[in-house]
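Student: Got a sequence here, can you build the structure:
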Amino acid sequence: MEYRLVNINMKIVIYLTFYLHVFSAGQSEFPCTFPCGFRNKTFDLYQDVIRAGSSFATWTFNADGSAATFFGSSVNCFQISEQFLILSIENSLKFLCFPIFYTAGQSNFTFVIRGNLNSKEYENVSSAFNQSQVCEVCGVNNAETATVVAIGKVIHRNNYQ
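Tutor: Just a heads-up that it's a prediction; the model follows:
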């Protein structure tokens, strides 16, 4: 009898752990910070790496993980919901959203960019977007999309003097 009780308790612990993992995977991070692998780095952005084209822009992340410079504008990490990275454009009411695909420890990531960087404007935002707002900001709305590869710049330092 004691064996079965321990076995049932173990199953309950496993199910509870699985439930908490699934539940937390769908939660938003607000306010957010950029992943550690992005901080204090500049990434060259390529739209067509296969043809070895030149980069068309850069994305520079500050060391604190909350701010970055993207297409010449200062942006802040506003919210991360699943794979969606929502940025607020500094000194404005505009928000941008990018589906981001990143594996921790890599020096590159990919993201999807819509048309001409369509943004959504919201007033008096003081909390995380709810699911319908995330859909509004991140929705494609028949805009053309392109996948962009962001490759971290490697700075070679000569240690010989």
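Student: host element of the closest residue to residue 78 other than its chain neighbours?
Tutor: Spatial nearest neighbour of residue 78, excluding adjacent residues (Cβ to Cβ, 6 or more residues apart in numbering): residue 88 at 4.3 Å. C-beta here means a position set from N, CA and C on the backbone, and glycine is covered the same way. Element membership for residue 88, per DSSP states H and E: strand 84-89.
Student: helices or strands up against that strand?
Tutor: Judged by 3 or more Cβ pairs under 8 Å, 6 or more residues apart in numbering; DSSP states H and E, the packing partners of strand 84-89 are strand 73-81, strand 94-101, helix 131-138.
Student: ok, the helix or strand where residue 69 lies: who's next to it in the sheet?
Tutor: Assigned by DSSP H and E, residue 69 belongs to strand 67-70. Next to strand 67-70 in the sheet, as set by DSSP bridges, lie strand 57-61 (antiparallel), strand 73-81 (antiparallel).
Student: for the longest one, which positions count as buried?
Tutor: It stands for strand 73-81. Judged by neighbour count using 16 or more other Cβ atoms under 10 Å, the buried positions of strand 73-81 are 75-81.
Student: go on, stretch 80-98?
Tutor: Neighbour-count burial for stretch 80-98 flags 80-81, 84-89, 94-98 (criterion: 16+ other Cβ under 10 Å).
Student: ok, residue 122 - how many residues close by?
Tutor: Residue 122 is flanked by 13 other residues according to other Cβ atoms under 10 Å.
Student: Look at it and report its pLDDT.
Tutor: pLDDT for residue 122: 87.
Student: Tell me how far it lies from residue 93.
Tutor: Relative to residue 93, residue 122 is positioned 6 Å away (Cβ to Cβ, to the nearest Å).
Student: Lovely, talk soon.
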